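Participant: Here is a sequence together with a model predicted from it:
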Amino acid sequence: NCYKKSPSNRTSRLLYLYLSFHPFHHSALFSIMTSTSTLPLFRSLLRNAKQLNDYNFRVYAIRRVKTGFRANQNLQGNEADSAFRKGTEQLEVLKRQVTMGNMYPSARSVME
């Protein structure tokens with residue numbers, strides 16, 4: 001058994017075959033996959049950040065999302081996967097904060 005078992009579904013088989021014959025394009029392929037999945041995460045984080053009731057929290061969340069994505073834009077491989085997972089966790093936290101903010105609204109700020 002010197003041969004590896006190939007994946008079962010068609011897409012995985014094609015990806016497996018592509019990577020086995022083109023090892024130098026491995027990082028480019030995963031960076032493309034990562035970039036296509038990070039844009040919806042970025043939009044979701046911004047959309048939820050804009051829904052925060054308190055002005056200070058809203059501005060901080062928007063600024064934090066933008067600076068976080070700028071800081072991590074050149075990551076590749078495992079670092080990019082880790083940053084993406086952390087971003088999805090932060091999205092869940094932000095959704096909970098929006099929900100709690102809607103349940104207990106605060107007074108409007110002078111800045112608004």
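Facilitator: That came in fine, so what should we check first? Numbers count the residues shown, from 1 in each chain.
Participant: those strands in the chain, which residues are they?
Facilitator: Using DSSP state E, no strands are found in the chain.
Participant: By mean pLDDT, flag the weakest helix or strand of it.
Facilitator: helix 10-21 (a mean of 49; mean pLDDT, DSSP states H and E).
Participant: pLDDT on the longest helix belonging to the chain, on average?
Facilitator: Criterion DSSP state H: the longest helix present in the chain is helix 78-103. Average pLDDT, helix 78-103: 92.
Participant: List the buried residues of that helix.
Facilitator: Buried residues in helix 78-103, defined by neighbour count with 16 or more other C-beta atoms under 10 Å: A80, A83, F84, G87, Q90, L91, L94, Q97, V98, G101. Yep, even glycine has a C-beta here, placed from its N, CA and C like the rest.
Participant: again, but for stretch 40-47
Facilitator: Neighbour counts over stretch 40-47 (16+ other C-beta under 10 Å) mark L41, S44, L45, L46 as buried.
Participant: Kindly report the same for stretch 49-64.
Facilitator: For stretch 49-64, by 16+ other C-beta under 10 Å, it's A49, Q51, L52, N53, D54, F57, R58, A61.
Participant: Run through who's touching it.
Facilitator: 46, 48, 65, 94, 97-98, 101-102, 105-106, 109, 111-112 (C-beta atoms under 8 Å, 6 or more residues apart in numbering).
Participant: And for stretch 94-112?
Facilitator: Against stretch 94-112 from outside (C-beta under 8 Å, 6+ apart): L45, N48, A49, Q51, L52, N53, D54, Y55, N56, F57, A61.
Participant: one more time with 6 Å, if that's ok
Facilitator: Contacting residues not belonging to stretch 94-112 are listed as N48, Q51, L52, N53, D54, Y55 [C-beta atoms under 6 Å, 6 or more residues apart in numbering].
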